[in-house]
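>>> The sequence isn't on hand, but the structure is:
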């Protein structure tokens, strides 16, 4: 690629915030027809760099070049006009508008006297949606779409202009396997058209499947660029975090305690039926299955967000009725939800108040909340989970996705629960932070906690679980111990096949 001019080049980009040097002389190039991965831990500077490129932030030093011409990105519209398109991880759609209106927002085709050309708008949109092989049309209200389909609308925006560079920020976080295939086909089409692509993801399998080169940031500094074909997951991880990770399967053999939770014949309409399992103190029980298997719905029932239609829930051998999250919390059940933004955080609230929210009443000194006690709790779990924030006053909404997830985990750990349920604990989190959270979950079990982990990542459930419950279509297909489980047997179970059926 040395004889081809880069479509995009960043030179010595510097960005400083009060007390934080977020970017410290970052440089790298993207060539036409290249899929270029940008990797780094949460807080490494990836999002800040993309906001500089998109005109949301102005750099304090350095320069941006498009096809060897220095440019200044004065704002997002100017970045788009210069051919830079963004597919954001966090959706930025207007729920009350149609798919077509969202895709062409600010650029609606017009007829005479400024009237919207609705026929042309629908025709253009349906042509783009056809490329994406989606099940909805131009007139569908965006608010009626699933999160995965809303993500496809975000992706459709990139196909409306003659883009020179497209940035995908964790684009598969909400997509099914079938939708991922469509996305990768779209990326392949853009690549054939000579578009330069920056692909940000924590998912190593995706990086090694579709990218040509990988650039790595660590603590705001550029660590280097390597050819994907010449790299390994281990080498990239070491570039990202400066150390090796323990990627082995769980092989812990500490002694288990009494049964903390037992579920007998639990059902919830058509969501799941006749569920039976137990979780002992000192044990991590993993739940693994495809989307729609019923894993999250079971967790929501245990936390009082859903009413079961049949069955029993026993805590410490005593049958209980849990009608609300307040009931669950009072009985020592904590839930780290799958949707950290919608269910786990108050984004406009500071980090300290988010972390101590469930126990405000217990921290009162007279009519007032004891601020010193709140700060002490925050400081303890900031250090324990390595939460990267300038301080407790920072708004949770301003943190990276991984650090937001750590705030949610810290909030519930600070309650010292009898049963900790963690739904997708490391979604959108970098490999270094994943390793820390996995280690923490194992440590909690070793300390006598009963832990349930729901995950869509096979390496994760294999790494942290003492037992794995494989689910398919609302039913438990099989329960594995960490010693007997294999990847093949686990895949068969979550696909609805027993070993006998598979044979």
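Done, it's in. Fair warning: this is a prediction, and the values are worked out from it, not measured in the lab.
>>> Might you list the low-confidence residue ranges for the stretch 101-250 of the chain?
Applying pLDDT under 70 to the stretch 101-250 of the chain picks out residues 174, 243-250.
>>> Tell me which stretches of it form helices.
Per DSSP state H, counting those that start in this stretch, the stretch 101-250 of the chain carries helices over the ranges 118-132, 147-157, 177-192, 204-210, 233-241.
>>> so which of these gets nearest residue 270?
Set against residue 270 and scored by Cβ to Cβ, those come closest in helix 147-157, at 20.4 Å. In short, each C-beta sits where N, CA and C put it, glycine included.
>>> What are the buried residues along the closest one?
Buried residues in helix 147-157, defined by neighbour count with 16 or more other Cβ atoms under 10 Å: 148-157.
>>> ok, back up a step: can I get the helices of the stretch 101-250 of the chain in CSV including distance to residue 316?
As requested, the helices of the stretch 101-250 of the chain are arranged in CSV below (distance: least, Cβ to Cβ, whole Å):
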stretch, distance to residue 316
helix 118-132, 51
helix 147-157, 37
helix 177-192, 39
helix 204-210, 40
helix 233-241, 40
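>>> In contact with residue 455, which residues?
286-288, 424-426, 461 (Cβ atoms under 8 Å, 6 or more residues apart in numbering).
>>> domain ranges for this protein?
Annotated domains of the chain cover 8-241, 245-332+419-503, 342-416 [automatic domain parsing].
>>> first to last residue in the longest one, what's the distance?
According to Cα to Cα, to the nearest Å, domain 8-241 extends 26 Å from its N-terminal end residue to its C-terminal end residue.
>>> before we move on, the earlier item: out of the helices of the stretch 101-250 of the chain, which is the most enclosed?
helix 147-157 (a mean of 21; mean count of other Cβ atoms under 10 Å).
>>> next one: that helix to chain centre, how far?
Taking Cα atoms, centre = their mean, to the nearest Å, one finds helix 147-157 lying 16 Å from the centre of the chain it belongs to.
>>> now do stretch 202-218
Distance of stretch 202-218 from its chain centroid, counting by Cα atoms, centre = their mean, is 16 Å.
>>> which stretches of the stretch 301-450 of the chain form helices?
Counting by DSSP H, counting those that start in this stretch, the helices of the stretch 301-450 of the chain are 325-330, 351-356, 371-385, 401-413, 431-446.
>>> how much does the last one deviate in direction from helix 233-241?
Helix 431-446 runs at 100 degrees relative to helix 233-241, counting by axes from the mean of the first three to the mean of the last three Cα atoms, to 10 degrees.
>>> what's the closest of the helices of the stretch 101-250 of the chain to residue 164?
helix 177-192 (10.5 Å).
>>> thinking again about what came up before, would you list the helices of the stretch 301-450 of the chain in CSV and tack on mean neighbour count?
Shown next, in CSV, are the helices of the stretch 301-450 of the chain (neighbours: other Cβ atoms under 10 Å):
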stretch, mean neighbour count
helix 325-330, 16
helix 351-356, 25
helix 371-385, 16
helix 401-413, 24
helix 431-446, 20
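>>> And those: which comes nearest residue 207?
With Cβ to Cβ, the closest approach to residue 207 among those belongs to helix 431-446: 10.7 Å.
>>> And the following helix or strand past the closest one, what's buried?
Going down the chain from helix 431-446, the next helix or strand is strand 450-455, by DSSP states H and E. For strand 450-455, a neighbour-count test (16+ other Cβ under 10 Å) marks 450-455 as buried.
>>> about what we covered before: mind putting the helices of the stretch 301-450 of the chain into a markdown table with mean pLDDT and distance to residue 92?
Formatted as a markdown table, the helices of the stretch 301-450 of the chain follow (pLDDT from 0 to 100; distance: least, Cβ to Cβ, whole Å):
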| stretch | mean pLDDT | distance to residue 92 |
| --- | --- | --- |
| helix 325-330 | 92 | 29 |
| helix 351-356 | 91 | 22 |
| helix 371-385 | 86 | 28 |
| helix 401-413 | 85 | 15 |
| helix 431-446 | 82 | 25 |
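>>> Now render the ones you listed as CSV, adding distance to residue 56.
Listed next are those as CSV, based on distance: least, Cβ to Cβ, whole Å:
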stretch, distance to residue 56
helix 325-330, 36
helix 351-356, 22
helix 371-385, 27
helix 401-413, 17
helix 431-446, 24
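>>> Where does the prediction get shaky in the stretch 401-503 of the chain?
Along the stretch 401-503 of the chain, segments meeting pLDDT under 70 span 428, 430, 497-503.
>>> Now with 80, please.
For the stretch 401-503 of the chain, the stretches with pLDDT under 80 are 401-402, 427-436, 495-503.
>>> list the contacts for residue 57?
Counting by Cβ under 8 Å, 6+ apart, residue 57 touches 15, 48, 51.
>>> any idea which element it lies in?
Judged by DSSP H and E, residue 57 forms part of no helix or strand.
>>> Do you know the pLDDT at it?
Predicted confidence (pLDDT) for residue 57: 91.
>>> circling back to that earlier point, just give me the closest of the buried residues of helix 147-157 to residue 315.
Distance to residue 315 across the buried residues of helix 147-157 (Cβ to Cβ) is lowest for residue 148, with 34.8 Å.
>>> Residue 108 - nearest residue in space that isn't next to it in sequence?
Nearest non-adjacent residue to residue 108, counting by Cβ to Cβ, 6 or more residues apart in numbering: residue 116, 5.0 Å away.
>>> Who is the one you found paired with across the strands?
For residue 116, the beta-bridge partners are residue 110 (DSSP bridges).
>>> And it, how far from residue 96?
Counting by Cβ to Cβ, to the nearest Å, the separation of residue 116 from residue 96 is 16 Å.
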